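> only geometry, no sequence info:
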């Protein structure tokens, strides 16, 4: 499945892997529910580790970080291991994402 | 937009105009960042950082500000070392007090262990960006009341100071 808009793309590249790229600055955390729905489903349904690749996500606003944090909390509630693939050359990722690891011990953040 | 000096400019916008076309918020942030940061080897990805911070400020005042049909201002200036961003907008007095105490609490909390509790706060999104601003970019932030424009509305000013080197 692929969601493609003028600003961002969300692609389920495998059953256990999703890639988000472009710019996501939606108005509220709630407005991320629909685009992130396939990720939520993946986290709930996968038995293996679920991978979220945001290495080509150039911008994400704090509503998006909140939505991402809620996905991490969902994984925690489901006892699901997740990996977040980031790009340390994108400053907001390098500075803001590492704090998410405090939310769930089975979240691994990998720089690619 | 009014442009003053090479290193000083401000934008005025009416929140309802941004709400009607949300993408304008992001475009304005990118535009301001392009003026403030000239991409070169030294500045690296500062453009991304300034755009992110500016976007958060504009989004915040659009979401929480009062008098949404009145122009709000964001001004930018820089000297050799620092970048200054000043946001002037309107809040209802109780929100002003709530925001002031929230900023104070975030200044004191270095770890984001409280992120889960932050997710339940009415200013969740602002909290995350302020935490990043203060603890990851070593930014200085101050909030003050300028004047009571109407009985129930307070003109609020948020001033941010960032060392340019922290952005590289």
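Arrived safely. Since the structure is predicted, the reported quantities are computational estimates derived from the model, not experimental observations.
> all strands in chain A, in order from the N-terminus.
A:2-4, A:8-14, A:17-24, A:50-60, A:82-86, A:107-111 (DSSP state E).
> got the contact list for the helix or strand of chain A with the lowest mean pLDDT?
Counting by mean pLDDT, DSSP states H and E, the weakest-scoring helix or strand in chain A turns out to be helix A:91-96, with a mean of 79. Outside helix A:91-96, the residues within contact range by Cβ atoms under 8 Å, 6 or more residues apart in numbering or on different chains are A:54, A:57, A:59-60, A:65, A:86-88, B:45-46, B:48-49, B:52, B:128, B:132, B:136-137, B:167. No exception for glycine: its C-beta is placed from N, CA and C like everyone else's.
> And for stretch A:64-75?
The contact list for stretch A:64-75, computed with Cβ under 8 Å, 6+ apart, reads A:24-26, A:29, A:32-33, A:36, A:39-40, A:43-44, A:50, A:52, A:60, A:80-82, A:96, A:100, A:103-104, A:106-107, B:115-116, B:119, B:124-125, B:128.
> Show the model's pLDDT score for residue A:79.
pLDDT, residue A:79: 94.
> got a list of what it touches?
Here residue A:79 is in contact with residue A:106 (Cβ under 8 Å, 6+ apart).
> Can you tell me the element residue B:54 falls in?
For residue B:54, the element it lies in under DSSP states H and E is helix B:46-64.
> Quick check: the residue positioned nearest the centre of chain B vs chain A, distance?
With distances taken as Cα atoms, centre = their mean, residue B:57 lies nearest the centre of chain B, 2.8 Å away. Separation of residue B:57 from chain A (Cβ to the nearest Cβ, to the nearest Å): 11 Å.
> Could you do residue B:87 as well?
15 Å.
> who's that residue bridged to?
residue B:74, residue B:158 (DSSP bridges).
> Next one: it relative to residue B:58, how far apart?
Between residue B:87 and residue B:58 the computed distance is 8 Å (Cβ to Cβ, to the nearest Å).
> And those two? Which one has more around it.
Between residue B:87 and residue B:58, residue B:58 has the larger neighbour count (other Cβ atoms under 10 Å in any protein chain shown), namely 24 against 20.
> tell me the contacts of that one?
Contact analysis of residue B:58 by Cβ under 8 Å, 6+ apart lists B:13, B:18, B:25, B:28-29, B:74.
> Would you reformat the strands of chain A as a markdown table and include mean pLDDT?
Output for the strands of chain A, formatted as a markdown table (pLDDT from 0 to 100):
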| stretch | mean pLDDT |
| --- | --- |
| strand A:2-4 | 93 |
| strand A:8-14 | 95 |
| strand A:17-24 | 96 |
| strand A:50-60 | 96 |
| strand A:82-86 | 96 |
| strand A:107-111 | 93 |
